[in-house]
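Asker: could you work out the structure for the sequence below:
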Amino acid sequence: DEPWSEPSALMYDRISLADWFDAQRLRGRARALHEALWQDGYAARTERISLLHVLWTIRRSGGPVSGLRDALGHRLEGGTQGLALGLARRLGSRVELGRAVARIEQDGRSVGVVTADGERREAARAIVCAPVPTLRRIDFAPALPEQLRQASEELAFGRVTTIVVGAPWAPERGVGLVAGNERFGSAWRRGRTAKAKVLDAVPDAVPGLAQEVARASGIPGDALESETLAWPDEPLSTGSYVNFAPGQLTRLGPHLRRSHGRVHFAAAERSSWPIFMEGAIESGSRAAAEVLAA
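Answerer: Here you go, the predicted model:
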């Protein structure tokens, strides 16, 4: 759960995944396949992925094969957004949309949350579920501790564009990996659709990339349908999910789960599953337990 507490953590955190591939003399097609797989999984190039982060993910998921099976073996009907919508329905009018938070104040007795349009909410405590890189947009009084401020400035989310392609008469298939190239890395084919995550995609290139993913995945080009989402353009997340660069996990990881007075935090990157939905749920449960205990 806390890889930075291991005696060997700093040694592994100093090394990038690309450095480790070099040390193993991994070359040619084997290197290309690994680059495609890990780039797809972490939404970052391997030179920007800490080896400690990779080892943590493998250990946490019970091994690479187990992790792939669990990540790809289950789907929610209607998409994973159904989880959030289902919870919102249970909460009813208590969920307020279009109320961007601009400032969070606390005085030792209560917390005041001020929205961009000047409205204020008072509570005994607050749980902030915003992604770490977006915290710099919120004014905290008193200010965040130095380590949390550094995390909000340094941690980056994957700059990927998700491309999903499909065709009504594409043949049904089980889960399969399509090893791509330097343009789209890899794609996952399932049923009549395939999905790829493209790093730093130029908007003008996306239609051509969708066609390329379809061809590589065996999906007919006629009557092709595609959907794309550029995660860096999403203002409430600024990217896909966190990837820890070399040196960041041991330096910033120990501080991510800590509270700030009466303000508590929850997000996938504040859990032991930093790039998975399970991590978001785990961190939410932990933050709720903190508030109840307090």
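
Asker: tell me how far residue 128 lies from residue 111.
Answerer: Distance of residue 128 to residue 111, computed by Cβ to Cβ, to the nearest Å: 10 Å. Placement of C-beta: from N, CA and C, glycine included.

Asker: anything in contact with each of the two?
Answerer: Contact criterion Cβ atoms under 8 Å, 6 or more residues apart in numbering; residues shared by residue 128 and residue 111: 104, 263.

Asker: ok, and the closest non-adjacent residue to residue 253?
Answerer: residue 4 (4.7 Å; Cβ to Cβ, 6 or more residues apart in numbering).

Asker: let me fix that: residue 47
Answerer: residue 18 (4.0 Å).

Asker: and that neighbour, what is it in contact with?
Answerer: 45-47, 49 are the contacts of residue 18 under Cβ under 8 Å, 6+ apart.

Asker: how about residue 144, secondary structure?
Answerer: Following DSSP: H, G, I helix; E, B strand; the rest coil, residue 144 is assigned to coil.

Asker: please report phi then psi for the spatially closest residue to it that is not a sequence neighbour.
Answerer: What sits nearest to residue 144 in space, not counting adjacent residues and going by Cβ to Cβ, 6+ apart, is residue 260, at 5.9 Å. Main-chain torsions, residue 260, degrees, to the nearest 10: phi -130, psi 90.

Asker: surely residue 271 meets residue 286?
Answerer: Yes. At 7.5 Å, residue 271 counts as touching residue 286 under the criterion of Cβ atoms under 8 Å.

Asker: what do those two both touch?
Answerer: Contacts common to residue 271 and residue 286, judged by Cβ under 8 Å, 6+ apart, are residue 257.

Asker: comparing these two, which residue is more hemmed in?
Answerer: Legend: neighbour count by other Cβ atoms under 10 Å for residue 271 and residue 286, higher for residue 271 (23 against 16).

Asker: now do the same contact list for the more buried one.
Answerer: Neighbouring residues of residue 271 by Cβ under 8 Å, 6+ apart: 257, 278-280, 282-283, 286.

Asker: least confident of these?
Answerer: Taking pLDDT as the measure, those have their low point at residue 278 (89).

Asker: ok so, going back, just say helix, strand or coil for the residue nearest to residue 47.
Answerer: Per three-state DSSP, residue 18 ends up helix.

Asker: which parts of the protein are helices?
Answerer: 9-13, 17-23, 28-42, 51-60, 64-72, 81-91, 146-154, 206-217, 248-252, 277-293 (DSSP state H).

Asker: what's the burial count for the residue nearest to residue 144?
Answerer: Residue crowding around residue 260 was assessed by other Cβ under 10 Å; the count is 17.

Asker: circling back to that earlier point, can you pull the pLDDT of the residue nearest to residue 253?
Answerer: Here, the pLDDT recorded for residue 4 equals 96.

Asker: again with residue 148
Answerer: 94.

Asker: shouldn't it be in contact with residue 260?
Answerer: Yes. The criterion here is Cβ under 8 Å, and residue 148 meets it with residue 260 at 6.7 Å.

Asker: wait, residue 57 touches residue 279, no?
Answerer: No. In this structure, residue 57 is not within contact of residue 279 by Cβ under 8 Å, at 10.5 Å.
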